[in-house]
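*Asks:* Prediction below, plus the sequence it came from.
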Amino acid sequence: MSLDNVCGCSAAEEIIPLNKTNFYKKQRRVALRNCGVIDPENIDEYIAVDGYRALAKSLTELTPQDVIKIVSDSGLRGRGGGGFPTGRKWSFTAANQADQKYVVCNADEGDPGAFMDRSVLEGDPHCIVEAMAICGYATGASEGYVYVRAEYPIAVKRLEKAIEDAKAYGLLGDNIFGTDFCFNLHVRLGAGAFVCGEETALMTSIEGNRGEPRPRPPYPAVSGLFAKPTTENNVETFANIPQIVLNGPEFFNTIGTETSKGTKVFALGGKITNTGLVEIPMGTTLREIVEDIGGGIPNGRKFKAAQTGGPSGGCIPEAHLDTPMDYDSLLKIGAMVGSGGLIIMDDTSCMVDIAKFFLKFTVDESCGKCTPCRVGTRRLLEILEKITDGKGTMEDLDTMEALCYYIKDNSLCGLGQTAPNPVLSSYRHFKEEYIAHVRDKKCPAGVCKNLVQITIDPDKCKGCSLCSRKCPVGAISGEIKKPFVIDQSKCIKCGVCIDTCKFGAISRK
Amino acid sequence: MQKKISKIPFKGTPEQEAQLKAVIAECKDDKSRLMHVMQKAQDIYGYLPYEVQVMIAEGMDVPLEKVYGVSTFYAQFALSPKGKYNVSVCLGTACYVKGSQDVLERICSELGINEGECSADGKFSIEACRCIGACGLAPVFTVNGEVYGKVTPDDVPGILAKYKNAED
Amino acid sequence: MKSVEELLAIKNRVAPQVFAKSENGESYIRVLVGLATCGIAAGARPVYDALVNEIEKQGLANVHITQTGCIGVCQYEPVIEIVEDGKEKITYCKMTPEKAVRVVNEHLVNGKPVAEYTIGAVAK
């Protein structure tokens, strides 16, 4: 609606409400519904938007089996990356008898470039508290742990306050809503280890150890935290639970595609006009996200690829822009939904360099427990470094591919099993770029420093000598008013000369 | 990731020791809270030198090698002290794609130290960090928690000058 | 909390404020400031303080300022939103303390939203 008449401003300054902007129009908010709407540090405001009603409904009207059935029927799948059906996960833990069971929330958001879990914890912490209590009721657990990254101090503070307030109201603790159900919640801080996002490693870390993963079986539903049956879900998965329980499975399973129900939050970043958090129905195409919601690529550049799933995921090239964003469609093209990081790259990004970037990350973060991951990823990185240094051979490409599959098949946990994905998918979709690095010793995007030459166009150079005075290594020489030249053996490719030249005579190739 | 172990002599005060003892007393019955104790110890001392790790191991009644194992496993635990101004450059994906590696290199050359090092006068240290969740402002770096967003390498000298010239 | 009735009593008491419902002819205006990490990094704290000061200075008793999480438009932070009964919610972005003072004076005191600061004008 136009507010012209209401506010008296001119037509040229028509006020567009947030939900009519291109960024918001196609979004649908379920997990993020309260973020930016309520005061996260005020429990009354959460209750005002129907908070804790789903818990009340579960405890007073439903049996644990009913709750699990609702979650199963909703079609909700794990939002942390695995995509395992949540209802089924809960039913496994519920089926095991034990004197003590646990609920764990994975808030160790490790994908560099994803921040939806932080956003939920900072904007709506009570929904996680409520969802974990519901999960406790459904699976028969009376204790819960939230494992949060220490890098998120505000999220930690708000979550701790939420737990305190919920305790004060009797929404945590003993005999909640006058029933027999008791549930307590604890916060544990991570300390910066990516592998702790893996569920068994996370449990090992909560127990106070080096966060190394454990072999499965036994699965956490049988022997998880402190060797007791444990259900672990990601923040975004839990954030959907209160809405599903309160409104019924149809509310959720009518959104999305055949096998991927509901919405997914993506953290949109990189070379894109509108960066931010977007929550869209599963099955929205990448093109809609990039062009409509994201507003396209800035500075008149061209879309090259989107990277999903961070260091565990893959890239999606332009040819697949119309792929629906859901678990199965993305797997088919060698990418994955992952935790929801969505980094857009334009033609100035080198895919080999990006693959190397992720590999460096996994090498740093590999916990060292199993050899395929500890040694394999390092060898893989060395091959990539060789390629980007211009010393690669065609044989290296074959070795690289074989090594990728070896690491994938033999690693102990999800970190190692997915570590080669950025290499495999970029090699699959951008093979010619790898070959250019190896055979032609060229980096088409002009990123890999050892393959780039900076040259002065003699036709454009006026011989002003400014560049030679700015060059930090004295690689540029010449006579005034005659074209200058760069000594390639001295040049460190810093690019200062390109920025200083007033005539646009210097370029990177 | 290999950690740099400090050779600077340990200078703990009795007050710091009392604070750490209080934290240990509160947690020593629950060994799963070892990491919590170590996090608190790092808040108190700024890093975890050998002497502090010994106090934790004895107080919590766990082997020293376990404390050392945990401290070297997690990126958050520092075995070297940080500078008065700790410059932390985000190398998360969004920042990397937008050129944070160039920003990091410029900061290193401006300060004359490498990533993970502390300057000789103890004034500056540089670290590369994972995503700090400010991807919309990429590339970003922080100086003692103060965030600088959408920076270019050429912005670096100006920002650092503020701290270089600050009164001691 | 021993009963569902207690929960509903709180909901009924607080919901009118969250949805900025006018009561007994008194309008209730809710000003939301995005104070998540991204907002704070972009400078939302000084904006929040400027709003509190200016609202107090102008004696606007029906204006209630509240911190909130992130609405997702990272690059347009700091964001403030003004919610009023029966009116479309107005979203201001890239706020500064100075801009916030202007919003208080023109929008909250005189009822004229500052169109040039709204998301539609800044983002398109």
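*Replies:* Here it is on my side, so go on.
*Asks:* Who are the contact partners of A:Gly78?
*Replies:* A:84-86, A:89, A:233-234, A:237 (C-beta atoms under 8 Å, 6 or more residues apart in numbering or on different chains). Using the backbone N, CA and C atoms, a C-beta is placed for each residue, glycine as well.
*Asks:* For A:Ile70, see how far away it is.
*Replies:* 17 Å (C-beta to C-beta, to the nearest Å).
*Asks:* same question, B:Met35
*Replies:* 36 Å.
*Asks:* wait, doesn't A:Ile68 sit right on A:Lys89?
*Replies:* No: if you go by C-beta atoms under 8 Å, A:Ile68 and A:Lys89 don't touch, sitting 9.7 Å apart.
*Asks:* between these two, which one's more packed in?
*Replies:* A:Lys89 (26 against 23; other C-beta atoms under 10 Å in any protein chain shown).
*Asks:* The more buried one sits in which helix or strand?
*Replies:* helix A:86-95 (DSSP states H and E).
*Asks:* and what of A:Cys494?
*Replies:* In the assignment (DSSP H and E), A:Cys494 maps to no helix and no strand.
*Asks:* Give the closest residue to it in space, chain neighbours not counted.
*Replies:* A:Pro472 (6.4 Å; C-beta to C-beta, 6 or more residues apart in numbering or on different chains).
*Asks:* Identify the residue of the stretch 1-150 of chain A closest to chain C, quick one.
*Replies:* Residue nearest to chain C within the stretch 1-150 of chain A: A:Gly123 (1.8 Å; C-beta to the nearest C-beta).
*Asks:* Can you report how many residues lie near that residue?
*Replies:* Neighbour number of A:Gly123 under other C-beta under 10 Å is 29.
*Asks:* how much space between it and chain B?
*Replies:* Distance of A:Gly123 to chain B, computed by C-beta to the nearest C-beta, to the nearest Å: 13 Å.
*Asks:* same deal with C:Val101?
*Replies:* Taken as C-beta to the nearest C-beta, the span from C:Val101 to chain B is 23 Å.
*Asks:* Remind me what the helix holding A:Lys89 packs against, helices and strands.
*Replies:* helix A:64-74, helix A:125-139, strand A:230-234 (3 or more C-beta pairs under 8 Å, 6 or more residues apart in numbering or on different chains; DSSP states H and E).
*Asks:* and the angle from the helix or strand just after the last one to helix A:64-74?
*Replies:* Remark: after strand A:230-234, the chain's next helix or strand is helix A:235-247, criterion DSSP H and E. Relative orientation of helix A:235-247 versus helix A:64-74 (axes from the mean of the first three to the mean of the last three C-alpha atoms, to 10 degrees): 110 degrees.
*Asks:* CA atoms only for helix A:235-247 - export them in PDB, please.
*Replies:* Taking C-alpha atoms only, helix A:235-247 is exported to PDB below (Å, rounded to 0.1, in the frame of the first residue of the first chain):
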ATOM      1  CA  VAL A 235      19.700 -24.800  16.200                       C
ATOM      2  CA  GLU A 236      17.600 -24.200  13.100                       C
ATOM      3  CA  THR A 237      16.000 -27.600  13.300                       C
ATOM      4  CA  PHE A 238      14.900 -26.900  16.900                       C
ATOM      5  CA  ALA A 239      13.700 -23.400  15.900                       C
ATOM      6  CA  ASN A 240      11.100 -25.000  13.700                       C
ATOM      7  CA  ILE A 241       9.700 -27.400  16.300                       C
ATOM      8  CA  PRO A 242       7.400 -25.100  18.400                       C
ATOM      9  CA  GLN A 243       5.600 -24.000  15.300                       C
ATOM     10  CA  ILE A 244       5.200 -27.500  14.000                       C
ATOM     11  CA  VAL A 245       3.800 -28.800  17.300                       C
ATOM     12  CA  LEU A 246       1.500 -25.900  17.800                       C
ATOM     13  CA  ASN A 247       0.100 -25.600  14.300                       C
END
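*Asks:* Name the residues of that helix that are buried.
*Replies:* By neighbour count on 16 or more other C-beta atoms under 10 Å in any protein chain shown, the buried set for helix A:235-247 is A:235-246.
*Asks:* hmm, back to that, which two in the contacts of A:Gly78 are spaced the farthest apart?
*Replies:* Maximum pairwise distance in these, criterion C-beta to C-beta, is 13.6 Å, between A:Pro85 and A:Asn234.
*Asks:* Mind checking which of those two has more residues around it?
*Replies:* Per other C-beta under 10 Å, whichever of A:Pro85 and A:Asn234 has more neighbours is A:Asn234, with 24 against 17.
*Asks:* in the sheet, who's paired with that one?
*Replies:* A:Asn106 (DSSP bridges).
*Asks:* My understanding was that it contacts A:Leu76; is that so?
*Replies:* No: assessed by C-beta under 8 Å, A:Asn234 is found out of contact with A:Leu76, at 11.2 Å.
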